[in-house]
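Chemist: What follows is a predicted protein model with its sequence.
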Amino acid sequence: MERTSPSRAGLRRAFTPWKGLLVSRSKPRASELITTNEAAKRLNVHRNTITLWIAEGKLKAYKVGGRLVRIDPDSLDNLVKEIVV
């Protein structure tokens, strides 16, 4: 039986993957995607709010490279429509 340190075990339990984050080959072209900072400026919210919405699945985002996340602008527009209505 493999033993892990308590800190690793706690980290494993605490980590939940982003629901809205997609790793897909059929994603839109990179030039069509926007950064989290751009999305935050468009909606006049903090960047962490955008990250939270991605984690909750409210925004469709794509992982580009190791740590880069890009957002589908259509998903952003749909979110705005839901909030306004």
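Modeler: Okay, I see it.

Chemist: measure stretch 57-74 end to end?
Modeler: Stretch 57-74 has an end-to-end distance of 14 Å (C-alpha to C-alpha, to the nearest Å).

Chemist: Repeat that for stretch 53-60.
Modeler: The straight-line separation of the ends of stretch 53-60 (C-alpha to C-alpha) is 9 Å.

Chemist: Tell me which residues of it come out buried.
Modeler: Residues of stretch 53-60 classed as buried by neighbour count (16 or more other C-beta atoms under 10 Å): 53-55, 58-60. For the C-beta atoms, the positions are set from N, CA and C on the backbone; glycine is no exception.

Chemist: Can you lay out those residues as TSV showing distance to residue 70?
Modeler: Formatted as TSV, the buried residues of stretch 53-60 follow (distance: C-beta to C-beta, whole Å):
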residue	distance to residue 70
53	14
54	10
55	15
58	16
59	11
60	10
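
Chemist: ok, of these, which one's closest to residue 39?
Modeler: Distance to residue 39 across these (C-beta to C-beta) is lowest for residue 59, with 7.5 Å.

Chemist: Which pair of the buried residues of stretch 53-60 spans the longest distance?
Modeler: Applying C-beta to C-beta across these, the maximum distance is between 55 and 60, 12.3 Å.

Chemist: just to revisit the earlier point, just curious, which of the buried residues of stretch 53-60 is nearest to residue 84?
Modeler: Using C-beta to C-beta, residue 58 is the member of those that lies nearest residue 84, at 14.1 Å.

Chemist: on that earlier part again, would you list the buried residues of stretch 53-60 in TSV and tack on distance to residue 81, secondary structure and pLDDT?
Modeler: As requested, the buried residues of stretch 53-60 are exported to TSV (distance: C-beta to C-beta, whole Å; DSSP: H, G, I helix; E, B strand; the rest coil; pLDDT from 0 to 100):
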residue	distance to residue 81	secondary structure	pLDDT
53	14	helix	91
54	18	helix	90
55	21	helix	89
58	12	coil	88
59	13	coil	89
60	14	coil	88
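
Chemist: pLDDT (mean, whole number) over stretch 71-78?
Modeler: Across stretch 71-78, pLDDT averages out at 89.

Chemist: for that stretch, which positions count as buried?
Modeler: Here stretch 71-78 shows 71-73, 75-76 as buried, counting by 16+ other C-beta under 10 Å.
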